[in-house]
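Asks: sequence? don't have it. structure:
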Ligand code: NI
């Protein structure tokens, strides 16, 4: 059985929570992760964090395959993006380093808004896999970018928080419309 969750829209308090650590006995964790991937694919996302389906727990999933067909990227980059599908449980950012660079980000919880966001190029992250085995890994490029965006979600941060105050002011009306449900998406959403 597949459960496709509605995506929680900006304005819902769950997106502002610092999410909590889960234990290996968390109920139906395998089903939850499976359904999170399916919900993400249904919405054509490359990442999805638990608060986006209403759960304040430190879980997010990433699949960067849709980025793999960008012809501006090297063959090696394309291949690593194509195969990067991973679940991150209880993630903690260990380090972010390198130059800041801009990338045009979007978010399933803030549909139809895309803006350049500046983040550091390299990350080292500690997390547990589906078997609650711990890993520490380093990433750069688009994979790092997607992980940073999803990691922010489990800390209660949205990409729009990282914009200039001018940009935020310009977007305020559109964000209010999204929160009040006046937005068109090709996936189901849940409004506050
Ligand atoms: Ni997002």
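Replies: Yes, it's here. Remember, it's a predicted structure, so these values are computed and weren't measured experimentally. Numbers count the residues shown, from 1 in each chain.

Asks: contacts and neighbour counts: CA atoms only from here.
Replies: Fine.

Asks: which residues touch residue 139?
Replies: Residue 139 makes contacts with 122, 123, 124, as judged by C-alpha atoms under 8 Å, 6 or more residues apart in numbering.

Asks: so how far is residue 38 from the last one?
Replies: In other words, residue 124. Separation of residue 124 from residue 38 (C-alpha to C-alpha, to the nearest Å): 27 Å.

Asks: cool, residue 82 as well?
Replies: To residue 38, residue 82 is 17 Å away according to C-alpha to C-alpha.

Asks: Over to residue 93?
Replies: For residue 93 relative to residue 38 (C-alpha to C-alpha), the value is 26 Å.

Asks: and if you look at residue 59?
Replies: Residue 59 sits 15 Å away from residue 38, going by C-alpha to C-alpha.

Asks: and those two? which has more neighbours close in?
Replies: Between residue 59 and residue 38, counted using other C-alpha atoms under 10 Å, residue 59 has the larger neighbour count: 31 against 16.

Asks: in this protein, which strand has the most residues?
Replies: Across the chain, the longest stretch assigned as strand under DSSP state E is strand 85-105.

Asks: In the sheet, which strands lie alongside that one, parallel or antiparallel?
Replies: Partners of strand 85-105 in the sheet, by DSSP bridges, are strand 59-63 (antiparallel), strand 115-128 (antiparallel).

Asks: what sits against the residue lying closest to residue 192 once chain neighbours are set aside?
Replies: For residue 192, ignoring the flanking residues on the chain, the nearest one in space by C-alpha to C-alpha, 6 or more residues apart in numbering is residue 12 at 4.8 Å. For residue 12, the contacting residues are 179, 191, 192, by C-alpha under 8 Å, 6+ apart.
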